[in-house]
Structure formats: structure tokens, C-alpha cells
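Asker: could you look at this predicted model? Sequence included:
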Amino acid sequence: MKRVVLIGLASAALAALIAPVASLGQSAAAIQITESSSTFPDRSYIVELPKTQPLSPDKLTITENDGPVLAVGVQPPGESSGAILLIDASNSMEGEPIEGAMSAARAFLAERKEDLPVAIVVFGPEDSVLADFTTDPEELSAAVAEAPPLAEGTHIYDALINASEMAKDEGLERTTVVLLSDGTDIGSEASRAEALEALDEANVRVISVGLDSPQYDPATLTAVSQRTGGSYVESSSPGALESIFEEIGQQLSREYEVTYRSVLPPDLEAVVKMTVAGFAPATATYTTPTLDFTPRGTFDRSWTDEVIISPYLMVFIVIAVLALIGFAIMTALEARKRSLRRRMAMYVTVPTEDESRARRAEVSAMLAQQAQRRIGGLRAWQRFEYDVEVGGITISPLALLFWTIVGGIFASLAAAIILQSLWGLFVGIAAPFVMRFYVTRKVTKVKAAFDEQLPDNLDVLAGAMRTGHSIMGAMSVMVESADNPSKSEFRRVLQDEQLGVPLDDALMVMARRMQSYDAEQVAMVMKLQREAGGNTAEVLDRVAETIRGRMELRRLVQVLTAQARISRWILTSLPIFLLVILTMTGGDYLDPLLHTTIGQVFLVAGVVLVLIGSFSIKKIAEVDV
């Protein structure tokens, strides 16, 4: 009995000694951490546990330089992550290699965590997707049940790029590619650099498995796995592939992505320590990035910002403010010139609606008169008024000038908006030239119409004089049957004659007003008739025939010079058209021309030469008849 008690006590003591040793052995198993892609201060690591078990943030402790971190997160396998089995199906895998590869794929799927989506792809000269990303075990098992057909070629880099595209299309944040091949890359259209760039963009890690063979070269697989943060394993026989893929499947099932936010200052050596309850801790080091103080701007400046801070807008605002201040001062001085009674009447009586309308019209007329007095003495303005009147434009020259300025401002703003460039503000400079071209065009049409109507009007005048009418009576008959602009111009002659102006002088004024050499001949005929008498009707017939002959010759000259005039417009507009097209199509074609000093000098020189050439061709094509 005493011996039994002693044996029991000895067993209890031995058990007490073994328990701490066993617990010590279990705790000695350490986790493994691998840095994943992240942007500081956010950090990301892949944590591999010694055995498959759940991991939550409350079971994980992270420190940096023994200090706390923020926003710790844990993503289990299958949550925003996946795996792709990329198996070589070239002719060199015929027989046991491809059978061993498919057995290895089945072993990998047996160890796969049920939430981890897997895609199965075989590659050779072309890729064949046996199963797209799925968690359905039956679909995955059917994909690897039989060996795929083989073909000549080992396009490893092309297959890796296609795998990256599959991961991006699936929307996975991180993907592991298990690449199996027994050779090196042969025949890929893509280069290694292009494949690595595609893997990096899709955040893909490659675990390479090399199958030893006579043509095997490990350089391709090792380079890809090292550059993507993966690992490389080499198998000496197809039979050993099953255990390798089984271990990889277990590894992926034990991996968790851990993220957190660092609070360390820049340019500091950081020691990361991660501890999971029940396992030994793991450490990793990295250096926090240095702050980059290179001036960059916080945003891409838009065209509105460019307009707001541009010196042109500042000059425009200054001029506008000065103009408003000057207008206010002039208005105040003008108000001081009014009588006391008139100024008091504006506040004593309440004007009616008609009186208010009349008063506004009076103010508008007063402002127009003041503007007219300011610029009316200018010879250029007087010429402009004359052209507006001759051209038959209904609005006043002052109103036309006002709308030209308004149109120029709005055209500048619209061009700046459309082109999204400050150069568009200079478009408004063209408004006065466009207005002047419009007025000149109207005047030219009126004068041309007057010259075209003059022979027929002289025939009517001569016919009326043969029937017994006096010169003034015959001209009245002609005016009644004439069309504008001849009707209005000859009516002005009749009105001048009624006011006492000699007929030949009134006709000479009309001729100079219309700049018509033929009308000057008519004035000379009337002067001869007044001074010497004679058969005026017959002379007018001869003048009409002469005018028609000149018109025929003028038309012939227009036809003969048409090619030169068309060439002028084509050669002038072609550089402008090309400049606009190159600006709208984008690219950097015009950067040397617009953004360099020598380019700007040549641009200005080109504009000057184009203008000189245009005016030279114009002078060559103009023939006075």
C-alpha cells in the first residue's frame, strides 16, 4: 500500500515537471511577418501563424519602438484576397510532370480555406482558364480532375500579366499567384519588366515552384518571386510537388493581413513588434520616409484660378474701377452745373411714369452728347460716322461702338472658357477689327450697287429729258423709279438743289460720298450743260455707254485676279487653321513654339511675315480700272 502511494506521488511530481516544459515548447512557436504594400503612415503586414486558427484584433498586440499604434485591422484569408494557380502546360510537361502538377493542385485545394477564392489557369503559348475566381469546391475539383492539353511554348511573362488583369478585374486588394513551371520563359511578347510592373500595380505576390528538368533554368522564377515579395521552391521530381502545394495551401490559410497607422516622426528607424496570444512575437524593421519639402502646390490649378490670379484681370479691374470713378466724378460735376431749381425739382415733385421715361431718355441723350463731344472731333471718328451712314446701318455709330466693346469683352471671356487659357482674353482685341470689317463690307456693297445702277439710272434720266422734262423734273422721274442706294443718294441731290446748291456741286458731293468716278463724269456733264448748254440727253447716253464699258472691263479684271485673291486667303488662313488644330488636338507639339523664347520670337516673326505676304498679294491683285 505504501509502495502504491509513493508511485502516485512520483507520477504527480513528474507530471508537474512535464507541464511547464510542454507549455514552454508550445509558446516557443513564433509567428512570421512580411511587409506588404502600403503608404506611410498606413502600414500593412502579412502575418503567418504557426497553425490554422482565427485571429482578431483583440488577440494581436502591435508596437513601434515600444510605442502604441492606431487603427489596427485584421483581414482573414479570402477577405479582399485570393489565389491563382498558374500551371505550365507546355510540351515539356508531358507525362508525369503534368500529372504531378494536377495532383499538387488537388492537394492545394484540399488545404484551402473555404472563404479563399481561387482561380486555376494553365499556360503555354496561350492561357486557358480552367476555373475563374470561385469558392465552390465542386467547380474547383472539376477543373483539376483531368490533365489539360499541352502545346509548344512557355509564355511565363504573358501569363503573369494576364493573371494580374484577372486579379484587378476581380477587385482583389492582394493576390497570391502560385506559379509552377519546369523551364524558362520562351516566346512571351511581354518583357520581364512589363510583367513585374503589372504584378506591382495589381499587388500580386508570386510563389514560384520550379520542377527540375534538363531544360530548366531557375533564373526566371526566382527573379519574379523575389521582386514581388514571394518565395521560391524547387522540386526534384513530380512526386514531390504534392507536398509542396499542400504546404503552400496551409500557408495561405494561416496568413492574415494586418494594417495599422504609425505615429512615428519622419526619417526614423522603426522596430515593429507583433505579438499574438499563445505564440512567440515577431519583429520587423523599416525607416519612416523623409518629408519632401519640394514645392508642388496642393492642387492642379484650373483655368478659373489662372484667370483670377492673372495680371490681365488685375489690369482690367483697375481700368474698370478708374473708369467708374471718373464717370462718378463727371456725373457729380455735371450735376453741379444744373440750376438749383432744377436740382431741387428732382426731389420735390414725384414724376409720373411718362415723365420718368422722358427723364431717362433725356439722361441717355445727355450721356450720348457728352460722349459725342469727347470723340466727335477725331478725324477717324468722323470717317467712321460717314461709313456707318453710307453703309445704311440703322443703329448710331456710338451705339455700334458700345456694342463692339461689350461683344469684345464677352468674346474674350467665352474664348478663355472654351480654350481654358489666358490667351483667350486676347480674342476681344479682334472685336474692333471685326466691326470695322463689317462696316467696310457694307459700304463696299452699297458703293458697288450704286455703280451697277448708275448706267440704268442715266438711261432713265436721258429718256425723261427727251420727253420734254427739265433736268430737275427728269431727275425726279429717275428717283421715283430707282432702287436704293441710288434712290436715297439722288434724292439727297434734289434736296440740296432745292436749298440753293448748284446741281453740279450737289452731284459732285454725291460722287465723292460714293467714291464713284462715273458719278463725277455725270457732275461734269451737268456743269457743262449749266455753263454752255447743249444736248444733255445725248451726252448722258455716251456717259452711260462709257460706264458700261468700264464695268465690263472691271468684271474681266475681277475674273483674272480671282485666283490671286483666293490664294491670298488660303495662304493667310492656313497657318492660323493649323495652329488652332494643333492646339485643340493636344499633345506637346506647340510647346517649343509657345513656351520658349526663341519659339515665341519665331512665332511673332511668322505672324508679321504672314501679314506682309497677305497685304502684298492684295496690292498685286488690285487693279484700278
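Answerer: Perfect, I can see it now.
Asker: can you give me the neighbour number for the spatially closest residue to residue 204 that is not a sequence neighbour?
Answerer: Setting aside the residues directly before and after it, residue 204 is nearest to residue 175 in space (C-beta to C-beta, 6 or more residues apart in numbering), at 4.7 Å. Any C-beta I mention is one placed from the backbone N, CA and C, and that applies to glycine too. When neighbours are defined as other C-beta atoms under 10 Å, residue 175 has 25 of them.
Asker: swap in residue 560?
Answerer: Each residue near residue 560 was counted by other C-beta under 10 Å, and the total is 11.
Asker: likewise for the one 5 residues further on?
Answerer: By other C-beta under 10 Å, 15 other residues sit near residue 565.
Asker: test my guess that it contacts residue 620.
Answerer: No - the pair residue 565 and residue 620 does not pass the contact test of C-beta atoms under 8 Å, sitting 9.7 Å apart.
Asker: wait, is residue 275 part of a helix?
Answerer: No - with DSSP: H, G, I helix; E, B strand; the rest coil as the criterion, residue 275 is located in strand rather than a helix.
Asker: please give me every residue in contact with it.
Answerer: Neighbour list for residue 275: 60, 61, 62, 281 [criterion: C-beta atoms under 8 Å, 6 or more residues apart in numbering].
Asker: out of these, who has the most neighbours?
Answerer: The most crowded member of the contacts of residue 275, judged by other C-beta under 10 Å, is residue 62 (22 neighbours).
Asker: part of a strand, is that residue?
Answerer: Yes - under three-state DSSP, residue 62 falls within a strand.
Asker: picking up where we left off before, may I have the beta-bridge partners of the residue nearest to residue 204?
Answerer: residue 82, residue 204 (DSSP bridges).
Asker: now find how far off-centre the lengthiest helix in the chain is within its chain.
Answerer: Taking DSSP state H as the criterion, the chain has its longest helix at helix 430-466. Distance of helix 430-466 from its chain centroid, counting by C-alpha atoms, centre = their mean, to the nearest Å, is 49 Å.
Asker: for the helix or strand following that helix, buried residues please.
Answerer: Where DSSP states H and E defines the elements, the next helix or strand beyond helix 430-466 is helix 471-481. Across helix 471-481, burial judged by 16 or more other C-beta atoms under 10 Å covers 471, 474, 475, 477, 478, 479.
Asker: packing partners for helix 471-481?
Answerer: Packing contacts for helix 471-481, counted by 3 or more C-beta pairs under 8 Å, 6 or more residues apart in numbering; DSSP states H and E, involve helix 430-466, helix 486-498.
Asker: closest one to residue 505 among those?
Answerer: When the helices and strands packed on helix 471-481 are compared by C-beta to C-beta, helix 486-498 sits nearest residue 505, at 7.9 Å.
Asker: just the CA atoms of that closest one, as PDB, please.
Answerer: C-alpha atoms of helix 486-498 as PDB (Å, rounded to 0.1, in the frame of the first residue of the first chain):
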ATOM      1  CA  SER A 486     -29.300 105.300-105.900                       C
ATOM      2  CA  LYS A 487     -32.700 106.400-104.800                       C
ATOM      3  CA  SER A 488     -31.600 107.900-101.500                       C
ATOM      4  CA  GLU A 489     -28.400 109.400-102.900                       C
ATOM      5  CA  PHE A 490     -30.200 111.200-105.800                       C
ATOM      6  CA  ARG A 491     -33.000 112.300-103.500                       C
ATOM      7  CA  ARG A 492     -30.300 114.000-101.400                       C
ATOM      8  CA  VAL A 493     -29.100 115.800-104.500                       C
ATOM      9  CA  LEU A 494     -32.600 117.000-105.200                       C
ATOM     10  CA  GLN A 495     -32.900 118.300-101.600                       C
ATOM     11  CA  ASP A 496     -29.500 120.100-101.900                       C
ATOM     12  CA  GLU A 497     -30.600 121.700-105.100                       C
ATOM     13  CA  GLN A 498     -33.900 122.900-103.600                       C
END
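Asker: now do that helix against helix 430-466, angle only.
Answerer: For helix 486-498 against helix 430-466, the angle by axes from the mean of the first three to the mean of the last three C-alpha atoms, to 10 degrees is 70 degrees.
Asker: what's the closest of the contacts of residue 275 to residue 395?
Answerer: Using C-beta to C-beta, the contacts of residue 275 come closest to residue 395 at residue 62, 79.8 Å.
Asker: go ahead and confirm that closest one touches residue 72.
Answerer: Yes - assessed by C-beta under 8 Å, residue 62 is found in contact with residue 72 at 5.9 Å.
Asker: tell me the one of the contacts of residue 275 nearest residue 99?
Answerer: Ranked by distance to residue 99 (C-beta to C-beta), the contacts of residue 275 are led by residue 60 at 42.0 Å.
Asker: what's opposite that closest one in the beta bridge?
Answerer: Where residue 60 sits in a bridge, its partners, by DSSP bridges, are residue 276.
Asker: could you measure from it over to residue 288?
Answerer: 22 Å (C-beta to C-beta, to the nearest Å).
Asker: and if you look at residue 80?
Answerer: Residue 80 is 26 Å from residue 288, by C-beta to C-beta.
Asker: with neighbour numbers in mind, choose between those two.
Answerer: Ranked by neighbour count (other C-beta under 10 Å), residue 80 and residue 288 place residue 288 first, with 17 against 13.
Asker: residues of stretch 528-543 that come out buried?
Answerer: 529, 536, 537, 539, 540, 541, 543.
Asker: my read: the last one touches residue 523, true?
Answerer: No - in this structure, residue 543 sits apart from residue 523 without contact. The criterion is C-beta under 8 Å, and the distance is 10.6 Å.
Asker: just to revisit the earlier point, name the residues contacting each of residue 62 and residue 72.
Answerer: Counting by C-beta under 8 Å, 6+ apart, the residues touching both residue 62 and residue 72 are 258, 260.
Asker: contacts only, for the residue nearest to residue 464 when sequence neighbours are not counted.
Answerer: In space, and not counting its chain neighbours, residue 464 is closest to residue 474: 3.5 Å by C-beta to C-beta, 6+ apart. Listed by C-beta under 8 Å, 6+ apart, the contact set of residue 474 reads 461, 462, 464, 465.
Asker: who does the helix or strand hosting residue 555 touch, helix- and strand-wise?
Answerer: Using DSSP H and E, residue 555 sits within helix 536-560. With contacts taken as 3+ C-beta pairs under 8 Å, 6+ apart, helix 536-560 sits against helix 430-466, helix 517-532.
Asker: can you pull the buried residues of the first one?
Answerer: Of the residues in helix 430-466, those with enough neighbours to count as buried (16+ other C-beta under 10 Å) are 431, 435, 439, 442-443, 446-447, 450-451, 453-465.
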